[in-house]
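Q: Give me coordinates for this.
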Amino acid sequence: MIHRKAGSLFLLVAMLALGAGFSRAASLFESVVMPGKLIQDHAKYEGECQRCHEPFDKLAQQRLCVDCHKDVAADIAAGKGYHGRIQPKPCRDCHTDHKGRDAKIVFLDEARFDHRHTDYVLRGKHGDEKLRCAACHAPGKKHRDTPTRCEDCHAKHDVHRGALGKDCGQCHVEKSWNEVDFDHDSTKFPLLGKHLKAECKSCHKDTRFQATPRQCSACHARDDKHKGSLGQKCESCHNERSWKATRFDHDRDTKFLLKGKHEAAKCSGCHTGKVFKKDVATSCVGCHRKNDSHKGRYGERCETCHAEKAWKELTFDHGRDTKFRLLGKHNTAKCDTCHTGPLYQQKLQTACHSCHEKDDKHRGQEGKECDKCHNESNWKEARFDHATARFPLLGMHLRTECGKCHATPAFKDAPKDCVGCHAKNDIHKRTLGGKCETCHNARDWRVWDFNHNRLTEFPLDGAHKGKKVTCASCHKSPEPPAPKIAQTCVSCHQREDVHESSLGPNCDRCHSTQNWRDLLPGVGR
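A: Below is the predicted model:
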């Protein structure tokens, strides 16, 4: 039956086409086969079926729909909005036409509609069953054009008067407009300690939150017992847990460690002005200039000698901290005895004569190495080793006082020969020369050990060894210079020569040293 009707229609169209133009025939055919009137919004397209239909191609209808409804096409392509989120299916499944001008082709069950299929999920108060769609969707406007920003509906509720922008969701939640869920840590002022429990209005006096100052003094000026003298960086010492608790560690947070008396000192003792605006001097003289009994002569590095434990307690160790150890009288001497000028500008010489030149009674004869003889215990006490000199002390010289030989402190002027000191003891009256040490020694002046036989070319024997023969018997000329004594007999016995030199000078041919009168054996008379 259906095929017969279709065939009849086709035949009718063919007959009309033969009798009239094709265009008119097609229009006449569409009007004949159209199932009913289009809705009011599509009425203008009632004579243009090709806008929504292609002959013999039902699948083309979907493409033609979205070609016209570009906003829906954009949602489907982007996967957003109601049409972009629901399961894909042909438009005609939900929206049919040709039902008359007043027909509604959009069916919306507000009571059962699931808003999760849209870009705006209903939460909190927005999902309340008592809230009607009309509260947000204005009559006569498409649902898709309904604004989603808070301010579009709640502008009249904005007590901040737009000062905090239009993103109300940063603080407010859908559960209740008066309930705030703002993350203060996302600002430049995270809430810590007591600030977490403080009411917003405690700091935000009005609703213009962006202009709220972040300095402690803005809220706690009345709590500042320093009265602003320590500046406005309260957080350097105080913390949010308790205003009275401080976290400032002078040793950790500054370059000046507090030790000794400094640890117990009050802040105002050094910080007399605004602590963060006025740099506090860290040198000792910055605070203790009035305590400097040296009047600045020793510079400003007081810590070299003084300690924080007590100003009068010294830590300077001359032996450890310098190259000059203080021993003996040096250890009890006052600093300014040697340090007469600025301590760090005056480089002192460590040689004895640099300080004791006026005490040098040797008039520089002994050089500048005073410590070879003198020590720090007593300047007048000497420990000179005479053995290192050109005149080592032996025998009685060891017990002789220095002044016996050294008449003056010019020690090098002291005589080195015996007669320099013992001329009055020379019973030979210089007849035996000045080399007393040839016969005498330092053990005792009266003891002598000269060996005439070994040390001269004239051995003493016979009567020459007798007690009656003294040195002066032969050595009669004084020094200097002493003539060399002749070793011939006649040089001493000329007057005893009974031969009156007739037998020559060689007396020892007949006579011996035993007795002048006795002749040698074999010699006739």
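Q: what separates Gly328 from Cys352, distance-wise?
A: Going from Gly328 to Cys352 by C-beta to C-beta, to the nearest Å gives 12 Å. In this view, the C-beta of every residue, glycine as well, is placed from N, C-alpha and C.
Q: who has more neighbours, those two?
A: Cys352 (18 against 13; other C-beta atoms under 10 Å).
Q: State the pLDDT value of that one.
A: Turning to Cys352, the model gives it a pLDDT of 86.
Q: go on, His238?
A: pLDDT, His238: 86.
Q: so what's it up against?
A: Cys216, Ala245, Thr246, Arg247 (C-beta atoms under 8 Å, 6 or more residues apart in numbering).
Q: Over to Asn453?
A: By C-beta under 8 Å, 6+ apart, the contact set of Asn453 is Pro459, Leu460, Asp461.
Q: Mind checking which of the residues you listed land in strands?
A: Of the positions in the contacts of Asn453, not one sits in strands, assigned by DSSP state E.
Q: from those, which is closest to Asp292?
A: When the contacts of Asn453 are ranked by distance to Asp292 (C-beta to C-beta), Leu460 comes first, at 85.5 Å.
Q: I'd assumed His452 was in contact with the closest one.
A: Yes - using C-beta atoms under 8 Å, Leu460 is in contact with His452, at 4.7 Å.
Q: Please list all residues in contact with Cys219.
A: Ser202, Cys203.
Q: May I have the helix or strand hosting it exported as PDB, CA atoms only?
A: For Cys219, the element it lies in under DSSP states H and E is helix 216-220. Provided in PDB are the C-alpha atoms of helix 216-220 (Å, rounded to 0.1, in the frame of the first residue of the first chain):
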ATOM      1  CA  CYS A 216      52.900  44.800  63.100                       C
ATOM      2  CA  SER A 217      52.800  48.300  64.400                       C
ATOM      3  CA  ALA A 218      49.600  49.000  62.400                       C
ATOM      4  CA  CYS A 219      47.700  46.800  64.900                       C
ATOM      5  CA  HIS A 220      50.100  46.600  67.800                       C
END
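Q: Just checking, which helix or strand succeeds that helix along the chain?
A: helix 250-253.
Q: got a list of contacts for the helix or strand just after that next one?
A: Next helix or strand after helix 250-253 toward the C-terminus (DSSP H and E): helix 261-264. With contacts defined as C-beta under 8 Å, 6+ apart, helix 261-264 is touched by Glu308, Lys309, Ala310, Trp311.
Q: Nearest spatial neighbour of the last one, chain-adjacent residues omitted?
A: What that stands for is Trp311. Asn291 (5.8 Å; C-beta to C-beta, 6 or more residues apart in numbering).
Q: Next: the first one.
A: Leaving aside its sequence neighbours, Glu308 sits nearest to Gly260 (C-beta to C-beta, 6+ apart; 3.0 Å).
Q: Show me this protein divided up by domain.
A: As recorded under automatic domain parsing, the domains making up the chain are 149-190, 251-348.
Q: Let me see the mean pLDDT of the longest one.
A: Taken as a whole, domain 251-348 has a mean pLDDT of 81.
Q: Let me see the ranges of the helices in the stretch 301-450 of the chain.
A: Counting by DSSP state H, counting those that start in this stretch, one finds helices in the stretch 301-450 of the chain at the ranges 318-321, 329-332, 335-338, 353-356, 402-405, 419-422.
Q: Could you dump those helices into JSON lines with mean neighbour count added?
A: Output for the helices of the stretch 301-450 of the chain, formatted as JSON lines (neighbours: other C-beta atoms under 10 Å):
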{"stretch": "helix 318-321", "mean neighbour count": "11"}
{"stretch": "helix 329-332", "mean neighbour count": "12"}
{"stretch": "helix 335-338", "mean neighbour count": "13"}
{"stretch": "helix 353-356", "mean neighbour count": "14"}
{"stretch": "helix 402-405", "mean neighbour count": "12"}
{"stretch": "helix 419-422", "mean neighbour count": "14"}
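Q: Can you check which of these gets nearest to Tyr298?
A: The closest of the helices of the stretch 301-450 of the chain to Tyr298 is helix 335-338. By C-beta to C-beta, the value is 7.6 Å.
Q: Neighbours of Gly228, how many?
A: For Gly228, the neighbour count with other C-beta under 10 Å is 10.
Q: any low-confidence regions in this structure?
A: 1-33, 207-208, 273-278, 343-346, 478-483, 524-525 (pLDDT under 70).
Q: So what's the residue count around Cys439?
A: Around Cys439 there are 17 other residues, counting by other C-beta under 10 Å.
Q: Who are the contact partners of it?
A: Counting by C-beta under 8 Å, 6+ apart, Cys439 touches Leu432, Trp448, Asp449, Phe450.
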